[in-house]
Structures are given as C-alpha cells and as structure tokens.
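**Q** Pasting the sequence and the predicted coordinates here, then a few questions.
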Amino acid sequence: MRILKFLDEYAESTILIITLLLMSVFIGLQVFMRYVMQASLSWSEEISRYLFIFLINIGISYGVKQDRHVAISLFINIFSEKVKKYLLIVSDLLFLIFSIVIVVHGMQVVDMINRFGQKSPAVGIPMWVVYIGTPLGFSLVSLRLVQRIIIRIKGDE
Amino acid sequence: MVSLVLFGSFVIFLLINIPIGIALGISSLITIIYSGRVDINYLVQNLTTSVDSFPLMAIPFFILAGDLMGKGGISKRLLNVGNALFGRYTGGLGIVTIVSCMFFAAISGSGPATVAAIGGLVIPEMIRKKYSVGFSTSLSATAGSIGVMIPPSIPMVIYGVSGGVSITTLFIAGFIPGIFVGLALILWCYISSKKNNYGEQERKYSAKEIFAAINEAKWALLIPVIILGGIYGGIFTPTEAAAVAVIYGFLVGVFVYRDLSIKDVFDILKKSALTTATVLIILGTANTFGRILTMEQIPMKIANAIISVSDSSVVILLLINLLLLFVGCFMDTTAAIIILTPILLPVAKLIGVDPVHFGIIMVVNLAIGFITPPLGVNLFVACGIGKISLEDLSRSMLPWLVVMISCLMIITFIPEISLFLPKLLMK
C-alpha cells in the first residue's frame, strides 16, 4: 500500500525531473564540446530528442493528475454544480476511451516497428523503444482518468 | 460532410471542457472512423513523430530558463537597475515595470511567466506608492505580454515548426516590434501617470548608485547578450541557446546569487516539464487534425472564401486580425497558433504577406489574447498578485488594449518593422 501511495504521488514527477535534467545536461554538453573542446558529440541530440518524447508522454499523465491541461471551462461553468459534475465525468470518459484507443493502436505500431527492426541513425537504439513512449504514457493517462472518474463519482456522497 | 463531423465534434468536445489537444484527437479519431480516409495508426504514430523535433526542444528549455531566473532573484536585480535609471520620472515605477518586462522577455519566452516574475515584485510596490490597484495590475499584465514578442518566444517556436518558417529568422524579426510595443506602453504609462499624479516625487539616483545596481545585476544583464547574441551570431541554434541559458541560470542562481535551493530547482524542472507536455500534446494531435483538413482541402476553401469577400489585402488582413483577436479571447495562445497556422498561412501567402511577417502578426495578436477577458492568462496571474477581481481588472485594461491594438495595426500594415532586421542581418 505504501508503495502504491508513493507511486501515486511521485511516479510521473520523478521521471519528468530526471528526463528534463538529462536533456539540459546533454545539450549543454553538446555546445560545450563543440565550442570548447572542438569535438562534436554524435549521440547527444538524438538521445535528448527521444527523452523529450518520453517527457511529453509522461507529462500528459501528470497533467491529468494535476488537472493542468489546457481546456475551455467557460461554457461548463454556467451550469449548476451537479450538471457540471456529470459533464466533467462525460468528458473524462471520452478522454479515457481516446487513451485506450491510443494504447491499443500504439502497441500495434510498436509491434510493426519491431518487426521492421529499424534502428536509430546515431546511437542504434531499436526504434520500437522510442515509439513505446506513447502507449506507455497513455496507459498512465488511463489510470489517472479512472482514478479521477472514481473521485468525481464518490464526491457525490 | 467530413468537415462538419470534424469541426462539429471538435466544438462540442471543447465546450464540455475536454483538453484542447485531446478534443483535436477525438474529433480526428471520429472523422477517421467515419470517413476511413486515414489510418488510426497514422494518428498514433503522429503523437511521436510530430514532437520528435530538435527545434521544439527549445520550449522546455526556455520555460525552464525563465523559471530559474524568475525564482532566482534575477528579476529583483533587473528591477533595481530599472529603478535606478527610470525611477525618477513621472510614472517611474510603471516605466520600470515595462522596461524590466522587456528585459525579462529577452530571457523568458512566455507571457504569464513574465507577469509572475516582474509583476509579483512590482505590483505591491506600486500600490504602496499610491498607484491605483487597477492601473498597477493592468500595466503589469499588459507589459508581460511583451514576453512572447521579444525573442526568445515560445509561440514563435511553435509557429516556426507548424508553418515551416525559420525560428532564427522569426527571433530576429520579433525584436523591433517588441521594442516598439514596449515604447508605446511607456508612452501611455507616462501620459496616464501625468494625469493621475502617479510617482511624482521620486528622487534621482546618483551615478554611483546606478553603477552599483548595474554591477549587482551584471550576471542577469549578460543573459540576453548570450542568448540573442549567440542566436543572431549563428553560434548556436535556438534550442542550444535555450539549453545554455538553463545551465547559466542554474549556475548563477545556485552558486553566484545563492537564492535557489536544489529543491527549488527540482520543483522548477517538474513544472517546466508539465507545461511543455500540456502544450505539445496539442501539437501531436493537431498534426492529424490538420492532415484531415488538408485532405478535405479546407484551408484552400477558407482561403478562397476569404478572398471572395474582398480582393484588397488590407481588408483581408483586417479580417484575419479580427478572427485572431476573437479566438485569443477564448483560447490559449499556443493552442490557437497550432490550430490556425495551417489554415491562415496559405491565405497570407496568397495575398503576398511574407511568412515571417505573418508570424509576427500572429504572435502579437495572440499576445493580446493574453490580456483579453474572459480567458487571458496574464490577467489571471495579475489578478492573483494584485488581489483584484477579474471584472475590475478588465475595466482598467481598456486603454491598454487600445494601445496594443493600435500597435498591432501598425505592425500589420508596415511590414518593414518586422522585416527590416532580418533583411539587414540575413544577407
């Protein structure tokens, strides 16, 4: 239980912090090596770009947890609290369906790319590793949405 | 019919508070299932491929750099310099706010971040010095919108990527319009302060005090030189410049000024990553949305419809500006740029507007969107700092909006303001 609670609180944010930290260090290092050491790095840009993809996918889930996604709340606020609550549940359910579709098709894409055996140009990472970011991120999104829908329904009592 | 499904469902989803990026995704999905013209896997792959971009990585870095410096006491030192230089004039503190925002804009690429960093310090101070609450907050909110005009600018990065326009060129082009808007705001601040007797009896600072303030802020003042000098001089790409700014801001904040703790740094990292993700999910799904639009030839149809209204480019640009201002009232700036660039850029090209100039027009327009109620992020930030209701603030915004819209018109109809510097530097 304690582990679950810890994951609930810190899972996404820890990944986000580490990813963005590494990206900054890698690109900073890239500039340093090129101008100060006169030796260009071949891997830094590619690795950072892939980290960036993970950052966005995990960040989407964290955005759900923190309720920070960019949305237009103007219209929904004209309703009574009760109606508003149901509309928000509907909107979360639609979001959830979308996420599940992304996870299912995302895994198909990963499978397809794995079968092609494609590798990244500079470092030689199998490309399916890069593409798994999307289904992984949206699995987390789905969990967060289920969590939020339950909280919204329970809030009734 | 396809376009009706696409747009109809999109609007409905937006209204029930589904995040913009997801609304774009679901309506694309529905249209795909309805028409069968694109593969669902295309939508999924696009979530990865559309953000697999080195230029876009400038976004988290610029947010990060701005936050590190906003928290790290750099904004306070910038304000001290501004105060030593301009504090003694009528409306001095207002002018100091605008100048500091312009400086901070050259570090940060975001409007609300600029309001938070500068306004957070200056609004209480202005109120203490008998400026009205409405004037102080509206001025800070407006000055903060310069954050996206003076490079670096996150909306410019997004426009550049969506429209296939060089980000470096956009960064060069935005410089003069940003200064121009800043000067216009200073002028109005002066006129308005004169009328209301704001900040009359301020003292003059000695040369020694001015020098001390500049010396104290030298590490902060150097940042725009590094970022803009590096980009303009072709030393590094905007993304690299942003990463350098991050490392510089970290070193200065933690080791030189020592007002950033490691915990602050972690919090800032987390926040920047979150903001980045919430912006870029929109780009990921907008790509597929845009693809369906193009297959249905909707941008072309809209272009033809607009051109059939009038063949005068002046009228068309006015119409586009009106549309952008209207959208800016309801939609987040970056989201609006992502969605509207593929639709409006072809129209602009058709009537002979330079894509770089058009980018600046869009950015200025949507910067105004930051300060137009009901949805203006700068307003929300400023309301929170000044403890004033959105309604009261909106009333005080009116003259500032008039100034901003006048600037917009001048920038729209005198392309040289935007294009002079790129032409000079990029020969």
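**A** In hand now; what should we look at? Numbers count the residues shown, from 1 in each chain, chains lettered A, B, ... in the order given.

**Q** Give me the nearest residue to residue B:20, chain neighbours excluded.
**A** The spatially closest residue to residue B:20, leaving aside those adjacent along the chain, is residue B:335, at 4.7 Å (C-beta to C-beta, 6 or more residues apart in numbering or on different chains). Heads up, the C-betas are built off the backbone N, CA and C, glycines and all.

**Q** Show me the helices in the stretch 151-300 of chain B, by range?
**A** For the stretch 151-300 of chain B, the helices defined by DSSP state H, counting those that start in this stretch cover B:154-163, B:167-173, B:175-196, B:207-216, B:218-232, B:238-251, B:262-295, B:298-309.

**Q** Out of the ones you listed, point me to the one whose mean pLDDT is lowest.
**A** When mean pLDDT is averaged over each of the helices of the stretch 151-300 of chain B, helix B:298-309 scores lowest at a mean of 82.

**Q** quick revisit: of the helices of the stretch 151-300 of chain B, which approaches residue A:45 most closely?
**A** Proximity of these to residue A:45 was assessed by C-beta to C-beta; the nearest stretch is helix B:238-251, lying at 8.9 Å.

**Q** Can you check what pLDDT the model gives residue 150?
**A** The chain I'm using is chain A. 94.

**Q** Oops, wrong one, chain B.
**A** For residue B:150, the pLDDT comes out at 90.

**Q** again, but for residue A:157
**A** 51.

**Q** Same question for residue B:200.
**A** So residue B:200 comes in at 68 (pLDDT).

**Q** what comes up buried for the top helix by length along chain A?
**A** Scanning chain A for the helix with the most residues, using DSSP state H, yields helix A:81-116. For helix A:81-116, burial by neighbour count (16 or more other C-beta atoms under 10 Å in any protein chain shown) applies to A:84-85, A:87-88, A:91-92, A:94-96, A:98-99, A:101-103, A:105-107, A:109-110, A:113.

**Q** before we move on, what about stretch B:224-231?
**A** Going by 16+ other C-beta under 10 Å, stretch B:224-231 has these buried residues: B:224, B:226-228, B:230-231.

**Q** tell me how far it is from the chain's mean position?
**A** 18 Å (C-alpha atoms, centre = their mean, to the nearest Å).

**Q** hmm, who's touching it?
**A** The contact list for stretch B:224-231, computed with C-beta atoms under 8 Å, 6 or more residues apart in numbering or on different chains, reads B:103, B:106-107, B:151-152, B:168, B:171, B:175, B:235-238, B:240-242, B:244-245, B:248.

**Q** Kindly report the same for stretch B:124-135.
**A** If you take C-beta under 8 Å, 6+ apart as the criterion, stretch B:124-135 is touched by B:93-94, B:97, B:136, B:139, B:192-193, B:196, B:198-199, B:385-388, B:392-393, B:395-396.

**Q** Pick out the residue of chain A closest to chain B.
**A** Residue of chain A nearest chain B, by C-beta to the nearest C-beta: residue A:59 (2.3 Å).

**Q** From residue A:69, how far off is that residue?
**A** For residue A:59, the distance to residue A:69 equals 10 Å [C-beta to C-beta, to the nearest Å].

**Q** I'd like to know how many residues surround residue B:73.
**A** If you count neighbours by other C-beta atoms under 10 Å in any protein chain shown, residue B:73 ends up with 19.

**Q** If you count contacts, what does the helix or strand containing residue B:59 end up packed against?
**A** For residue B:59, the host element (DSSP states H and E) is helix B:58-71. Based on contacts counted as 3 or more C-beta pairs under 8 Å, 6 or more residues apart in numbering or on different chains; DSSP states H and E, the elements that helix B:58-71 packs against are helix A:2-35, helix B:92-105, helix B:111-114, helix B:154-163, helix B:238-251, helix B:262-295.

**Q** Work out the gap between it and the centre of the chain.
**A** That offset, for helix B:58-71, works out to 13 Å (C-alpha atoms, centre = their mean).

**Q** and if you look at stretch A:115-133?
**A** For stretch A:115-133, the distance to the chain centre is 19 Å (C-alpha atoms, centre = their mean).

**Q** which parts of that stretch are buried?
**A** A:120, A:125, A:127-128, A:130-133.

**Q** go on, stretch B:384-398?
**A** B:385-386, B:388, B:393-394, B:396-397.

**Q** and of those, the nearest to residue B:264?
**A** Scanning these for proximity to residue B:264, where the rule is C-beta to C-beta, the winner is residue B:385, at 19.4 Å.

**Q** Please work out which of the helices and strands packed on helix B:58-71 is packed deepest.
**A** Among those, helix B:111-114 has the highest mean neighbour count (mean count of other C-beta atoms under 10 Å in any protein chain shown), at a mean of 29.

**Q** Please save the CA atoms from it in CSV.
**A** The C-alpha coordinates for helix B:111-114 follow below in CSV (Å, rounded to 0.1, in the frame of the first residue of the first chain):
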residue,chain,number,x,y,z
GLY,B,111,3.8,35.9,-21.2
PRO,B,112,2.4,34.7,-17.8
ALA,B,113,5.9,33.8,-16.6
THR,B,114,7.0,37.4,-17.2
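
**Q** now the helix or strand just after it, how far from the centre of its chain.
**A** Sequence-wise, the next helix or strand downstream of helix B:111-114 (DSSP H and E) is helix B:120-128. Relative to its parent chain, helix B:120-128 has a centroid offset of 23 Å by C-alpha atoms, centre = their mean.

**Q** And stretch B:232-242, by the same measure?
**A** For stretch B:232-242, the distance to the chain centre is 19 Å (C-alpha atoms, centre = their mean).

**Q** same question, stretch A:60-76
**A** 14 Å.
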